[in-house]
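Visitor: Pasting a predicted model and its sequence here:
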Number of protein chains: 6
Amino acid sequence: MRPSGRTANQIRPVTITRQYTCHAEGSVLVEFGNTKVLCNATVEEGVPRFMKGQGKGWITAEYSMLPRATHTRSGREAARGKQGGRTLEIQRLIARSLRAAVDLKLLGENTITLDCDVIQADGGTRTASITGACVALVDALTYMRSKGILKANPLKHMIAALSVGIYKGTPIADLEYTEDSVAETDMNIVMTETGKLIEVQGTAEGEPFAFEELDEMLTIAKHGLRELFDIQKAALA
Amino acid sequence: MRPSGRTANQIRPVTITRQYTCHAEGSVLVEFGNTKVLCNATVEEGVPRFMKGQGKGWITAEYSMLPRATHTRSGREAARGKQGGRTLEIQRLIARSLRAAVDLKLLGENTITLDCDVIQADGGTRTASITGACVALVDALTYMRSKGILKANPLKHMIAALSVGIYKGTPIADLEYTEDSVAETDMNIVMTETGKLIEVQGTAEGEPFAFEELDEMLTIAKHGLRELFDIQKAALA
Amino acid sequence: MRPSGRTANQIRPVTITRQYTCHAEGSVLVEFGNTKVLCNATVEEGVPRFMKGQGKGWITAEYSMLPRATHTRSGREAARGKQGGRTLEIQRLIARSLRAAVDLKLLGENTITLDCDVIQADGGTRTASITGACVALVDALTYMRSKGILKANPLKHMIAALSVGIYKGTPIADLEYTEDSVAETDMNIVMTETGKLIEVQGTAEGEPFAFEELDEMLTIAKHGLRELFDIQKAALA
Amino acid sequence: MRPSGRTANQIRPVTITRQYTCHAEGSVLVEFGNTKVLCNATVEEGVPRFMKGQGKGWITAEYSMLPRATHTRSGREAARGKQGGRTLEIQRLIARSLRAAVDLKLLGENTITLDCDVIQADGGTRTASITGACVALVDALTYMRSKGILKANPLKHMIAALSVGIYKGTPIADLEYTEDSVAETDMNIVMTETGKLIEVQGTAEGEPFAFEELDEMLTIAKHGLRELFDIQKAALA
Amino acid sequence: MRPSGRTANQIRPVTITRQYTCHAEGSVLVEFGNTKVLCNATVEEGVPRFMKGQGKGWITAEYSMLPRATHTRSGREAARGKQGGRTLEIQRLIARSLRAAVDLKLLGENTITLDCDVIQADGGTRTASITGACVALVDALTYMRSKGILKANPLKHMIAALSVGIYKGTPIADLEYTEDSVAETDMNIVMTETGKLIEVQGTAEGEPFAFEELDEMLTIAKHGLRELFDIQKAALA
Amino acid sequence: MRPSGRTANQIRPVTITRQYTCHAEGSVLVEFGNTKVLCNATVEEGVPRFMKGQGKGWITAEYSMLPRATHTRSGREAARGKQGGRTLEIQRLIARSLRAAVDLKLLGENTITLDCDVIQADGGTRTASITGACVALVDALTYMRSKGILKANPLKHMIAALSVGIYKGTPIADLEYTEDSVAETDMNIVMTETGKLIEVQGTAEGEPFAFEELDEMLTIAKHGLRELFDIQKAALA
């Protein structure tokens, strides 16, 4: 039924490649099918001004799509002179989600920046970014511990993210572009490995959706997210 | 238990004043307790470039807080030279929600812009904006029909929005600032008067939340939104 | 003769509402007929860099029109990414005028920002802004004295502003939009309650004007400004 | 009494050099003592969008100070990414003044841009700009007539501008920087050669000024402006 | 003698991977040792305004470094709101060089944009970009011919680029970062496969260099560029 | 053969006028035929952040063309809100070249800014800028020594710059606009008075050029640069 031939709750093949580039303290290429995002974690001493003097760390994120990550070329934001609303919305989501995975007090006055650059897009770039960035974050934290910057591990739990939606009346998981572009509802779930929710963002693209449909999508998401946690763990093993 | 003395599912006094300013085709001052937002609807011929030639209309929104709508003054975005991520995120939400209330084909190649300017902020400015903007939109559509611009009413259903959250472990409705600033979870629900969902956005500000807590918040929201639809109807009567 | 039915030197009904919003140290809604401007005064410790170390305070202003304050919608400056020349010109005028009302040495190293946001425009927004902002400034100074921030009252004298112009050959006071848009000459006068001048800005929009006409306009302005000082005093009583 | 040794109503030596650069349709270097401004007039076919289809022309202006036109270097506006409020205010004044000198209908749908670039500043740059730009404008109009672009001369009258002020209690004409920086009042007058007013802009920099002082300044200005018209005429002879 | 252990005129291992991403009409990952640049070619109908109506095509380029392509993180240009001088300089060089490889008349009124995004940087990113972009360009031209957009092949000759420099007094080829950062002279050569020059850019970073040293660097460059042409050809075979 | 009637290696009449404006520490008007550039040197205490604490000085440059320096008016960069790529490229070249003329350690923690503003353009503005700015720099250094800011002269050698190109198959020196606009190759050489190279930038505008043609252009440049050094010396005598 799905253009991809997948079953409703089947996610795409997911691969996580660590140490993808050589300079970043954590560097992960995450692939959800044809969606490929490079997630680099940078560790820097100090925190932004509004956080100073609290003895706590900070985690932030920046997101971007290479101009030709998409079917047709989209203008480069640096050339246009500003980041679009979609970009800002996504990078705020990534940063917020990852902050929820970490005890900022244990991080000390250090900042970790997660750069999520989409090399190739086929739907679900924000959920792939979060899932990959969490692995890059773990590598960055390991680096910090190895350098004696951290005394304890600030990670509270792994997090992962998955898109679900209603496609031709049926709830499905991990939408690729051809599905996403015609789905009636689009939803992104960020969950902890302990099965709790960090973010729930559902949008009726066409018709409004019923509370029951929301429930069904949440159930499907929970299932797919379990698989993602296994893949993250295998990658980190 | 609540700083406001309200019960868990009690919303603030809500007032909707139509024709608040004299130039806009729809002009509504909406008040959720101390939160006051001016929602002006502007009707213009034509649609943005990417919509041209489809015979469909467009609905967009812009959101702003007056610099001193808040406890301390926040810099004016026009002076800083760009709109912040929070502003863009909110105005995208308002526009998307209102588009879901309207049959764009029946709107013809016309654009309605909803300007939501926060005069005074005390939590819940985005949900007040959506609730008020929907009334301003109705007035603008009435204006268009009276001018013969529209043949049929493009409104599919009224929409309203409400914030809910988990405060000291308990789900509550319509958070004001003192509650919002310490809530563990913050959620915004946009619903149709027919009881279906347009947007669900829940964020764990502190601790992740359980699927059961999500259910409880949705139940409370549904209840409060019913009241908002009654207030909208009374205002439009 | 005037579209408004007013006599040549008759100003519009003016109302000044204090404590219009709840957060600002001074908050005034000023109305000159259909022109409505919200003037919020914010008190902040410290001064801009170029004023540091002189033991003096600073007064600044920002001006903006809500997009639909006018007959047709004008683009939001925050969205366009810069403030226009007219906006900058007006806010410079407001700030300069109010600085002339205050002994900056008595203000200490504190800054007062006057935000003048036009809710509804019908001509004379800059003169209404100055007249209202002066009342908001007085409230902010009273607040500062009550908090022990100031030892003495820095206010040297009240100031008010009025527009005058030549309309169909006759000098008139307080032009509303229908008059302003066809006036041959447009002039804004800022005066102290002691009858001295702070700013005189006259512009020939169509034909140049004679020195005698300038005199006549000044006479009319002086008269109307007396009324404005009475209204300010009544509002502050 | 004046630092310059000049009498109260004595203007500085003024020179007007035409054809200062070779590409512009009108190119004038105007010098008021040590203040030197290059005024280039550019003729272009067509008018800005908001003027289209009215059969009328347009006159606009841009003003800039070279970074080291002043005692200390001021940052380059192009590098900072925006024009300051002072710049915008001045170029709006120059453009408005020159439009008042021309019958825009006789100009046809053509635009003349006056670029006023301050090579060296010693007070009065905006009045020198207007005075010089009017001569550049005349040369541009002559060029247009010689090319057959214009049938009749659109110039209604020459205009010139002069600064006056109150310095140590005495009204003086054509302030140079050392006078300007301590003057109590600063005023710029734009007049037609027929003795009528185009712009009057007076500002109390320190103490408010009396209506009588305004009169005295106007009288002095009228006198000095007569001299400027003679110098313009000699330059054009 | 070189930190890399290479001989003076030995270039790094160079690999060219075509079809690296799936959407672009030409997509090449080029690696010069640890320097990795993704070069995507986009074909679009039409040309920029200044080229319209000449019956000729256009080739342009955009260059960017991912924030963590370097040892320490550099700020994202999209977030800062403008492209830096170095970026603009490099993308102008890339575009100019590729235009010199193509007969724009045979391209018709079409535009090819080369996006060169540096995934990992270790010196020589601009020369790698040009070398890789030329291959992506060839693939884009092949695509255009297969679609019937082009009648003849507009490619005049392959081009490639190499950096050379003077390191501790000796001319060397293809500097990596540790060499580049201390080199006395830095030079980039763009050459055609027919042995002619497109660009020569040499800069004395420390001490000025002699005309003889320039000759030596050119000789070394010519040698290395021959190898690059072989690698390009193998990749395209 | 040349439109100018000059022989192939004949440069235009060059004049260097020192103390052209009165405020700058070095102020030079340099003319290469009809190309006229005002080069002002400003001395300021302190260095940019990235240079602090190294005990070294800094030299930077800014370049701009007055809008009507050219045949047709080009938009003012300050009005457009950003400097173009060509401008940034040129000012980076000027700054880099002048830094190569100075021992930054002997300059102490001071910054010299060279503002090169093109009053009139007829080809070769960047080479005229460098040649003139070097003289302005010498005057600024002399000023610093006279004020006791410098103990020793930081100037290592004079520098000058010249454009050469291939015009109708023949290498020529110092191209004016009519030659430059049709030249096949355009090259800029920055040299020290000791005959060594600082910058070599050659670009094939049309056809690629041979290594032999590069040699011929270098030879011609060397010859013309000798003349420029003589003219600089005469001006400084």
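Guide: Ah, there it is.
Visitor: Just give the number of residues close to the closest residue to residue A:231 other than its chain neighbours.
Guide: Excluding the flanking residues, the one nearest residue A:231 by CB to CB, 6 or more residues apart in numbering or on different chains is residue A:14, at 5.1 Å. C-beta coordinates here come from the backbone N, C-alpha and C atoms, glycine included. Other residues near residue A:14 come to 22 when the count uses other CB atoms under 10 Å in any protein chain shown.
Visitor: Residue A:14 contacts residue A:30, correct?
Guide: Yes: assessed by CB atoms under 8 Å, residue A:14 is found in contact with residue A:30 at 7.4 Å.
Visitor: any residues in contact with both of the two?
Guide: The contact sets of residue A:14 and residue A:30 overlap at residue A:131 (CB atoms under 8 Å, 6 or more residues apart in numbering or on different chains).
Visitor: picking that back up, who does the residue nearest to residue A:231 bridge with?
Guide: Assessed by DSSP bridges, residue A:14 has beta-bridge partners residue A:32.
Visitor: what does chain A have sitting close to chain C?
Guide: A:81, A:82 (CB under 8 Å from any CB of the partner chain).
Visitor: Point me to the residue of chain A nearest chain D.
Guide: Nearest residue of chain A to chain D (CB to the nearest CB) works out as residue A:81 at 9.0 Å.
Visitor: Quick check: pLDDT value at that residue.
Guide: The model reports residue A:81 with a pLDDT of 93.
Visitor: all strands for chain A, in order.
Guide: Under the criterion DSSP state E, strands of chain A are mapped to A:14-18, A:26-32, A:35-45, A:58-65, A:110-120, A:159-167, A:170-173, A:185-192, A:197-204.
Visitor: Pairing partners for the shortest one, with directions?
Guide: Okay, so that is strand A:170-173. Strand pairing for strand A:170-173, using DSSP bridges, gives strand A:159-167 (antiparallel).
Visitor: ok, back up a step: dump the residue contacts of the residue of chain A closest to chain D.
Guide: So residue A:81 contacts C:81, E:81, E:82, F:81, F:82 (CB under 8 Å, 6+ apart).
Visitor: From residue A:91, how far off is it?
Guide: 17 Å (CB to CB, to the nearest Å).
Visitor: cool, and residue A:203?
Guide: When distance is defined by CB to CB, residue A:203 is 18 Å away from residue A:91.
Visitor: These two: which is more packed in?
Guide: residue A:91 (24 against 21).
Visitor: which ones are touching the more buried one?
Guide: So residue A:91 contacts A:61, A:62, A:63, A:116, B:85 (CB under 8 Å, 6+ apart).
Visitor: what number of residues lie near the nearest residue to it once chain neighbours are set aside?
Guide: Nearest residue to residue A:91 in three dimensions, chain neighbours excluded: residue A:63, at 4.0 Å (CB to CB, 6+ apart). By the criterion of other CB under 10 Å, residue A:63 has 28 neighbours.
Visitor: how far away is residue A:63 from chain B?
Guide: Separation of residue A:63 from chain B (CB to the nearest CB, to the nearest Å) stands at 11 Å.
Visitor: What's the per-residue pLDDT of that residue here?
Guide: Here the pLDDT value assigned to residue A:63 is 98.
Visitor: residue contacts, residue A:116?
Guide: Per CB under 8 Å, 6+ apart, neighbours of residue A:116: A:37, A:38, A:39, A:61, A:62, A:63, A:64, A:91, A:94, A:129, A:132, A:133.
Visitor: how about 7 Å then?
Guide: Listed by CB atoms under 7 Å, 6 or more residues apart in numbering or on different chains, the contact set of residue A:116 reads A:37, A:39, A:61, A:63, A:94, A:129, A:133.
Visitor: Next one: it relative to chain F, how far apart?
Guide: Look at residue A:116 and chain F: by CB to the nearest CB, they are 27 Å apart.
Visitor: for the strands of chain A, which one sits closest to residue F:180?
Guide: Closest to residue F:180 of these is strand A:58-65 (CB to CB; 38.8 Å).
Visitor: so what strands line up beside that closest one?
Guide: Strand pairing (DSSP bridges) places strand A:58-65 next to strand A:110-120 (parallel).
Visitor: Report the rounded mean pLDDT for the strand it pairs with.
Guide: Per-residue pLDDT over strand A:110-120 has a mean of 98.
Visitor: Next, the angle from the longest helix seen in chain A to strand B:197-204.
Guide: Counting residues, the longest helix found in chain A (DSSP state H) is helix A:211-236. For helix A:211-236 against strand B:197-204, the angle by axes from the mean of the first three to the mean of the last three CA atoms, to 10 degrees is 40 degrees.
Visitor: Quick check: phi and psi on the residue of chain A closest to chain D?
Guide: Main-chain dihedrals, residue A:81, degrees, to the nearest 10: phi 90, psi 0.
Visitor: Can you list phi and psi of residue A:69 for me?
Guide: Dihedral angles (degrees, to the nearest 10) for residue A:69: phi -70, psi -20.
Visitor: Which positions within stretch A:77-88 qualify as buried?
Guide: Buried positions in stretch A:77-88, judged by neighbour count with 16 or more other CB atoms under 10 Å in any protein chain shown: A:77, A:78, A:79, A:81, A:82, A:83, A:84, A:85, A:87, A:88.
Visitor: does the third one really touch residue E:87, like I thought?
Guide: Which is residue A:79. No: if you go by CB atoms under 7 Å, residue A:79 and residue E:87 don't touch, sitting 9.4 Å apart.
Visitor: Give the buried residues for stretch A:224-237.
Guide: Buried residues in stretch A:224-237, counted by 16+ other CB under 10 Å: A:224, A:225, A:227, A:228, A:229, A:231, A:232, A:235.
Visitor: thinking again about what came up before, now do the residue nearest to residue A:231 against chain C, distance only.
Guide: According to CB to the nearest CB, residue A:14 and chain C sit 39 Å apart.
Visitor: can you check residue A:111 too?
Guide: From residue A:111 to chain C the distance is 26 Å (CB to the nearest CB).
Visitor: Next up, phi/psi of the closest residue to residue A:104 other than its chain neighbours, please.
Guide: Using CB to CB, 6+ apart and skipping the chain neighbours, the partner closest in space to residue A:104 is residue A:56 (4.4 Å). Here is the backbone geometry of residue A:56 (degrees, to the nearest 10): phi -120, psi 160.
Visitor: and residue A:56, how many residues sit next to it?
Guide: Close neighbours of residue A:56, defined as other CB under 10 Å, add up to 16.
Visitor: Surely it touches residue A:106?
Guide: No: Residue A:56 is beyond contact range of residue A:106, at 9.0 Å (criterion: CB under 7 Å).
Visitor: List the residues that contact the residue in chain A that chain C sits nearest to.
Guide: Nearest residue of chain A to chain C, counting by CB to the nearest CB: residue A:82, 7.2 Å away. Residues near residue A:82 by CB under 7 Å, 6+ apart: B:82, E:81.
Visitor: what about residue A:12, neighbour count?
Guide: Applying other CB under 10 Å, we find 21 residues neighbouring residue A:12.
Visitor: What's the separation between it and residue F:35?
Guide: Distance, residue A:12 to residue F:35, using CB to CB: 62 Å.
Visitor: Rounded mean pLDDT for stretch A:146-153, please.
Guide: Mean pLDDT, computed over stretch A:146-153, is 96.
Visitor: Buried residues in that stretch, which are they?
Guide: By neighbour count on 16+ other CB under 10 Å, the buried set for stretch A:146-153 is residue A:150.
Visitor: what's in contact with it?
Guide: A:106, A:108, A:110, A:141, A:144, A:145.
Visitor: residues contacting the third one?
Guide: The one in question is residue A:110. Going by CB under 7 Å, 6+ apart, residue A:110 touches A:43, A:44, A:45, A:57, A:149.
Visitor: Look up the residues forming beta bridges with it.
Guide: On the basis of DSSP bridges, residue A:110 is bridged to residue A:45.
Visitor: That'll do, ta.
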